[in-house]
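Participant: dropping the sequence and predicted coords here.
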Amino acid sequence: MSIYDSLNEMQKKAVFQTEGPVLILAGAGSGKTRVLTHRIAYLIEKCDVKPWNIMAITFTNKAAEEMKNRVDDLVGLGSDSIWVSTFHSSCVRILRRYADRIGYDTNFTIYDADDQKSIIKDVCKKLQIDTKMLKERTILSAISNAKDSLIGPIEYETNAFGDYNKQRIAGVYKEYQATLRKNNAMDFDDLIMLTVELLKGDPEVKASYHERFRYIMVDEYQDTNTAQFELVKQLASGNRNLCVVGDDDQSIYKFRGANIRNILDFEMVYPDACVIKLEQNYRSSQNILDAANAVIRNNIGRKDKSLWTAAGTGNRIHFRQFDTAYEEAEYIAGDVSSKYFSGKLRYSDCAVLYRTNAQSRLLEEQFIKSSIPYNVVGGVNFYSRKEIKDILAYLKTIDNGKDDLAVKRIINIPKRGIGQTTINKVQDYADENQISFYDALCEADQIKTLGKAAAKLTPFVNMIQVFRSRLNVYSLEDLMQDILDTTGYVEQLQADSEEEAEARIENIDELISKVVSYEETHDQPTLSEFLEDVALVADIDGVDPTADKVLLMTLHSAKGLEFPHVYLAGMEDGVFPSYMTIMSDDSTEVEEERRLAYVGITRAKEELTISAAKQRMIRGETQYNSVSRFVKEIPQELLDNRLPVYKRDFADYEDDSRERYSFKQKPYDFSGGSNYVNQRGAVTKQNYVNRDSSIGIVRPKAVLKPKTTPDSVKPFIAQTSAVNNAASSAVNYKVGDRVRHSRFGDGCVLAMEPGPKDTKVTVAFDECGQKIMYATFAKLTKI
DNA sequence: CGTACTAGTCTTTTT
DNA sequence: GACTAGTACG
C-alpha cells in the first residue's frame, strides 16, 4: 500500500510523468493540489530528486502554505527546502540577492497601490498633465498592463508613435520608473518584469537557477500573465521539466493581465508536452456539477471538458429572488442561523460569495443582527489603514533611506510643524544636489531657503538615526514599541479623535503581534524581510481556517476554496455580470464573468443557494435588476423553483411552505429588462405576521431577534421616507419625452406613475432596454 | 501651518 | 453612500 494507490488513473499519470513539459487540465475539484503534492512526494521518494531542486509556484501565500503542509504530511521532514512560494515572493527572493545587477539596492522597498498613486500624481504635476483629462487611474493601469506584457518605458514610447494620449502616458511611465528607481522601490509588476529582465540579461544568474530548479510546477496556470509566463519559461529553459496545472474555465484575472492563451497555447510552445485531463470531481454533488457544466458550456473558446462525479445527485439548488437586497441579506443570515441551531452545519461550513466588496455591508449588518460569527475577506486591506501605513512608513524610512515617499509620509506625523512649503524647499534642494529627500534633510542647515524651519527638521533626522543605530541591538518588536513611545503616536491619535482612536490602537496592537509572530517563525528576522512579507500578503492569507465563522468574500477571493454550504448572493444582471461587462462590445468580458460564475458554483460541496434582489442600492442609487443570465443558463429542473420569498419571517420557508405556494404563481420572474412588478398582490410590508414560534428550533432570545419587530423594518422606512422628502423635486420631462441617463444613455419615457414614495418612471433605453426607476434617484434629463 | 468644510469620484474583480 | 482631495479660512 503506497500513498499513490488512492489516486485515480489520470491522477497517477500526472504524478508519474515527471520529465519534460506537462500540462494538467484540472477541472474544479478534481484534486489538483493532491496531484501536485503527490508529484513532489514522488520526485523525492522515487526519483531521488533533492527537495531543494524542486520549485512550486502558487498565486497566494495561503495556497503555498497549504501545499507545504500537505507535502510535509506525505514525505515528512526535509520538505522545508522545497521552494514553494508565490510568483511575487519568488521574484523578491531572487531580486533580494541580485537586484544590484540591474541597478537597484538589494534592500529595495515594495510599493503598494497607494504608493503608486502618489508617485503618479507627483509625476503628472511635474509633467503638467491635467489629471482631469487623463486620469491617474488610466495611466496607472496602462503602465501596469505594459509591465505585465514586459513592455518597458522605451518600448512603450516607440509603440506610442502617432497616439497623443499614449505618448503622454509614455512620458509618465518613463518618469514614474525613474522615480521608483531613485527611491529604490519596485511596484508589484516590477517584481516580475525586473526578474525576467535579470534572468534574460545575466546568463550567470540564469544558469545558477537552472542548476537549482530542476523541476518546476506552476499552480493556477490559467491566471498567469505574459510576464509570469516568460518568467516560468526562463526558469524552465534549462531542464524543461515544467509541469503546469490549471483550468481554462477558471481564468478570472484577465483584468490583471492574465492571458488565457498561456494555457490554451501551452502545447504550441511545448509541442512535446504531455497533456492530461482531470475530469472526475471529488467535491460536489451531481446537481451542482450539472449546473456548473450547463453554465460554462455557453462559453466559446475553451478546451472541452465535462465534470462528473461518483457521488450522488444531491439536493436541488436553492433559488430565491427577493424584493430588496436587504431582504436577501436577511434571508441568508436567517437560513444560516436556523440550520446552525438545528445542528445541520457549523458556521465554518458556510461561505457567502458576491461580485463586489461593497455587497458585504448589508450581509454584515444582518449577520451582526443575528449574532452569527463571520469574517469578511478583503475589502479595506489591513495594511492600507492609515495607522498601519504610518507605522510601516517609519519602518520603511529606517530600512531604506532612499524611499522618499515613506519619509514624506511620516515627517509630519505626529505633527511637528513641518508643512508643505518646508517639504517643497527640501525637495528642491534634493533635486539640485541629486540626492535623496532624506539625505537633504540631513543637510537641513545647508538649505538657505529654509530659515528657522530647519530647526524643526534636525530632531526628526536625529530620531531616525537613533532608531537605525539600535536596529542591530534590539528586536523588531522593541523597535516598533520604541517608535510608538518616542513619537507619541498613540497619544496623538487619542487627541485627534477619541472614538476612532480605540479601533486604530487595536490595529496597531495587531501589527505588533504580527511582528512578534514574524520574529518567532523566522530564524534570522530582518526588517526588510518583514516589510516584504507585509507587502505581499493577499486578503485571503489572513483567514484563520480553524475559527468557526461564516466567510464572506468576493468570488475572486473564493477561488481554490470549497465549502459544504455556499450562498451566491446578488445574482442579478447588472451586478453579476456587472453593467460594465454587459455594456462592453467585447463579448469575451461576459465570458470572463461566466467563468467567475462557474468558479462560484463549483465552490459548493453539498448545498448551493443562489439569491437575487429586484431592488438594490448601488453607489447611493437604487437599481432594478432582473435575475442574472447565468442563473437562467442553469437547467430549471436543477433548481428547487420555489416562490420568491416576501415574508420577513424565515419560518415561512423553514416549514413546508411548498404546500401552500408551490407553482400556483410564476416561481420567479425571468422577463428581462424591467421586471420590477409588484407580483405579490396582497402581501405587503404591513402584513408580515409574526409566526416566529412556529419553527421547532432552539433560538435563544438574546441571540436572534424576532424578524417581525418594527426594529427590523425601520431601516427600510427610514430610507423611504428620506426619499419622500426629496421626491418633491420637480422633473421637467413627461411621458413620450426623450431623456438621458448618466449610465444607461438615451431613451424614451414610457410611463410615469406617482407612487407613495416617489414617482416611478419607466424608460425604454436605446442601448439597454426598459428600466423602471425612481425619479429622484434616476437623475434623468430631458433632451 | 493646521483645520473644517465642500465637491467630486468611485467600484468589478487583486498579487 | 462613502471616501478622498482640494480649498478657504483661522
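Facilitator: Thanks, I have it.

Participant: use CA for all of it now, contacts and neighbours both
Facilitator: Fine.

Participant: near DNA strand B, which residues of the stretch 301-450 of chain A?
Facilitator: On the criterion C-alpha under 7 Å from any atom of the strand, DNA strand B has as its neighbours in the stretch 301-450 of chain A the residues A:355-358, A:378-379, A:412, A:415-422.

Participant: if we use 6 Å, what do you get?
Facilitator: Residues of the stretch 301-450 of chain A lying close to DNA strand B (C-alpha under 6 Å from any atom of the strand) are A:Thr356, A:Asn357, A:Gly378, A:Lys415, A:Arg416, A:Gly417, A:Ile418, A:Gly419, A:Gln420, A:Thr421, A:Thr422.

Participant: put the buried members of these into a ChimeraX selection.
Facilitator: Buried residues within those, as defined by 16 or more other C-alpha atoms under 10 Å, are selected in ChimeraX through the command that follows:
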select /A:356,357,378,422
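
Participant: and which of the residues of the stretch 301-450 of chain A next to DNA strand B is nearest to A:Asp548?
Facilitator: A:Gly378 (18.2 Å; C-alpha to C-alpha).

Participant: could you look up the SS state of that closest one?
Facilitator: For A:Gly378, the secondary-structure state derived from DSSP: H, G, I helix; E, B strand; the rest coil is coil.

Participant: from what I can see it touches A:Asn357, true?
Facilitator: Yes - A contact is recorded between A:Gly378 and A:Asn357 when judged using C-alpha atoms under 8 Å, the distance being 7.4 Å.

Participant: any common contacting residues for those two?
Facilitator: Common neighbours of A:Gly378 and A:Asn357 are listed as A:Met553, A:Thr554 (criterion: C-alpha atoms under 8 Å, 6 or more residues apart in numbering).

Participant: what segments of the stretch 51-200 of chain A are strands?
Facilitator: In order along the chain, the stretch 51-200 of chain A carries the following strands (DSSP state E, counting those that start in this stretch): A:54-58, A:83-86, A:109-111, A:185-187.

Participant: nearest to DNA strand C, out of those?
Facilitator: Between DNA strand C and the strands of the stretch 51-200 of chain A, the shortest gap by C-alpha to the nearest atom of the strand is with strand A:109-111, which sits at 15.2 Å.

Participant: how near is A:Gly171 to A:Ala142?
Facilitator: The gap separating A:Gly171 from A:Ala142 is 12 Å, by C-alpha to C-alpha, to the nearest Å.

Participant: what mean pLDDT does the longest helix anywhere in chain A have?
Facilitator: Taking DSSP state H as the assignment, the helix of chain A that covers the most residues is helix A:498-521. Averaged across helix A:498-521, pLDDT comes to 84.

Participant: helices and strands around whichever helix or strand comes after that helix, which ones?
Facilitator: Note on helix A:498-521: by DSSP states H and E, the next helix or strand toward the C-terminus is helix A:527-535. With contacts defined as 3 or more C-alpha pairs under 8 Å, 6 or more residues apart in numbering; DSSP states H and E, helix A:527-535 has these neighbours: strand A:109-111, helix A:386-399.

Participant: what count of nearby residues applies to whatever residue of the stretch 201-350 of chain A ends up closest to DNA strand B?
Facilitator: Using C-alpha to the nearest atom of the strand, A:Phe255 is the residue of the stretch 201-350 of chain A that sits closest to DNA strand B, at 4.6 Å. Number of residues near A:Phe255 (other C-alpha atoms under 10 Å) recorded here: 11.

Participant: quick one: it from A:Ile317, how far?
Facilitator: 30 Å.

Participant: what of A:Pro414?
Facilitator: Using C-alpha to C-alpha, which is the criterion applied here, A:Pro414 is 55 Å from A:Ile317.

Participant: tell me which of the two has more neighbours.
Facilitator: More crowded of A:Pro414 and A:Ile317, by other C-alpha under 10 Å: A:Ile317, with 21 against 15.

Participant: that one against A:Asp640, yeah?
Facilitator: Yes - because the distance of 5.9 Å satisfies C-alpha under 8 Å, A:Ile317 is recorded as touching A:Asp640.

Participant: quick check: phi and psi at the residue in chain A positioned nearest to DNA strand C.
Facilitator: Taking C-alpha to the nearest atom of the strand as the measure, the point where chain A comes nearest DNA strand C is A:Gly620, at 3.8 Å. A:Gly620 has phi and psi values of phi 70, psi 20 when expressed as degrees, to the nearest 10.

Participant: excluding its backbone neighbours, what's nearest A:Ala454?
Facilitator: The spatial neighbour of A:Ala454 that comes closest, neighbours along the chain excluded (C-alpha to C-alpha, 6 or more residues apart in numbering), is A:Ala444 at 5.5 Å.

Participant: quick one, grab the pLDDT at the one you found.
Facilitator: The confidence metric pLDDT takes the value 82 at A:Ala444.

Participant: with A:Gln434 as the reference, measure out to it.
Facilitator: The value you get for A:Ala444 to A:Gln434, if C-alpha to C-alpha is used, is 15 Å.

Participant: what of A:Ile423?
Facilitator: With C-alpha to C-alpha as the criterion, A:Ile423 and A:Gln434 are 16 Å apart.

Participant: if I pick A:Val372, what's in contact with it?
Facilitator: You called it Val, but residue A:372 is Ile. When the contact criterion is C-alpha under 8 Å, 6+ apart, the partners of A:Ile372 are A:Ala333, A:Ser337, A:Tyr347, A:Lys549, A:Val550.

Participant: regarding the first one, what is its secondary structure?
Facilitator: This points to A:Ala333. Secondary structure for A:Ala333, judged by three-state DSSP, is helix.

Participant: chain neighbours aside, what residue packs nearest to it?
Facilitator: For A:Ala333, the spatially nearest residue (C-alpha to C-alpha, 6+ apart) is A:Phe367, at 5.6 Å.

Participant: list the residues that contact the one you found.
Facilitator: The neighbours of A:Phe367, taking C-alpha under 8 Å, 6+ apart as the test, are A:Ala333, A:Pro373, A:Tyr374.

Participant: so the first one touches A:Leu362, yeah?
Facilitator: No - if you go by C-alpha under 8 Å, A:Ala333 and A:Leu362 don't touch, sitting 10.4 Å apart.

Participant: so the two - more neighbours on which side?
Facilitator: More neighbours surround A:Ala333 than the other of A:Ala333 and A:Leu362, with 24 against 15 (other C-alpha under 10 Å).

Participant: on that earlier part again, now do the contacts for the residue of the stretch 201-350 of chain A closest to DNA strand B.
Facilitator: A:Phe255 makes no contacts at all, as judged by C-alpha under 8 Å, 6+ apart.
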